[in-house]
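Chemist: following is a predicted model, sequence given first.
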Amino acid sequence: MEGKKVGTIALPEALFGVSWKSDLVHQVTTAMQANLRQNRAHTKDRAEVSGGGRKPWKQKGTGQARHSSTRSPIWRHGGVTFGPRSTRDYSEKINKKMRIGALLSVLSRKAKDGEVIFVDQFAFAAPKTKEALGALVALSKAAKAKLLSSKGSNSALVALGSHDTNAIKSFSNLQGVATEEIRSLNPVDVLTHKYLIIENPEAAFKLLLARAKSSAKGGSASGGK
């Protein structure tokens with residue numbers, strides 16, 4: 001947290017030695033973004049608009065075109081034809097094996113590009129944005145990551161070992177910096193940020209390896225949003 005070297009750790013080949021699979025990463029990330037999509041656009045058809053309870057005028061003898069209802073789409077305030085409906089579902093199914101495969105591919109690419117930083121622990125006695133910024137500045141100097149400490153362009157995802165309210169609140173006011181628990185790490189969040197900061201790497205590796213083994217056993221039949 002102070003930017004000092006406290007030790008070394010070997011990167012598991014199963015997590016950081018996976019080949020780059022662009023098609024898989026694209027398929028998983030686009031599906032995850034589709035699952036986050038909230039469909040609010042909604043138009044009313046002729047059965048939902050108000051009015052039009054009776055025929056506007058008789059069928060013949062008026063010299064005007066025949067109409068059965070003022071709810072018709074060609075009338076002002078009438079129903080909309082083929083408009084967007086909130087009932088449309090944009091979600092896509094993602095297998096566990098695909099999800100973890102894409103994550104491992106992204107992690108390996110990040111490590112290869114030197115965009116992964118490991119920290120032993122983030123310790124905040126209370127939520128302090130100043131301390132969080134100081135930690136990022138120290139880490140940026142130690143890791144030679146300029147974007148990490150530049151004002152207005154902080155771009156980092158902090159992967160915490162567990163839920164830490166003080167750490168989450170400390171980083172929340174920094175532009176471009178987000179926090180996530182290591183057990184909930186996903187390809188979209190990792191790709192959205194330039195750098196990935198992993199807290200307590202030994203425990204993090206165990207969790208990620210457990211996720212990989214779990215998906216390999218029975219992940220092909222599981223999916224969801």
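Modeler: Noted; the coordinates are in hand. Numbering: from 1, shown residues only.
Chemist: ok now the lowest-mean-pLDDT helix or strand in the chain, how far from the chain's centre?
Modeler: The helix or strand of the chain with the lowest confidence, counting by mean pLDDT, DSSP states H and E, is helix 201-218 at a mean of 88. Distance, stretch centre to chain centre, for helix 201-218: 20 Å (CA atoms, centre = their mean, to the nearest Å).
Chemist: cool, and stretch 166-184?
Modeler: For stretch 166-184, the distance to the chain centre is 14 Å (CA atoms, centre = their mean).
Chemist: got the contact list for that stretch?
Modeler: With contact meaning CB atoms under 8 Å, 6 or more residues apart in numbering, stretch 166-184 is reached by 122, 124-129, 131-133, 136, 152-163, 186, 189, 192-193, 198-199, 203-204, 207-208, 211. No exception for glycine: its C-beta is placed from N, CA and C like everyone else's.
Chemist: with stretch 2-15 instead?
Modeler: Contacts for stretch 2-15 (CB under 8 Å, 6+ apart): 17, 104, 107-108, 111, 118, 120, 135, 137-139, 141-142, 201-202, 205, 208-209, 212.
Chemist: what about 10 Å?
Modeler: With contacts defined as CB atoms under 10 Å, 6 or more residues apart in numbering, stretch 2-15 is touched by 16-17, 103-104, 107-108, 111, 116, 118-121, 134-143, 201-202, 204-206, 208-209, 211-213.
Chemist: the closest residue to residue 109 other than its chain neighbours: how many residues sit nearby?
Modeler: Using CB to CB, 6 or more residues apart in numbering and skipping the chain neighbours, the partner closest in space to residue 109 is residue 20 (5.3 Å). By other CB atoms under 10 Å, 11 other residues sit near residue 20.
Chemist: wait, what's in contact with residue 20?
Modeler: 105-106, 108-109, 112.
Chemist: most neighbours, which of those residues?
Modeler: Once you tally neighbours by other CB under 10 Å, residue 106 ends up highest among these, having 25 neighbours.
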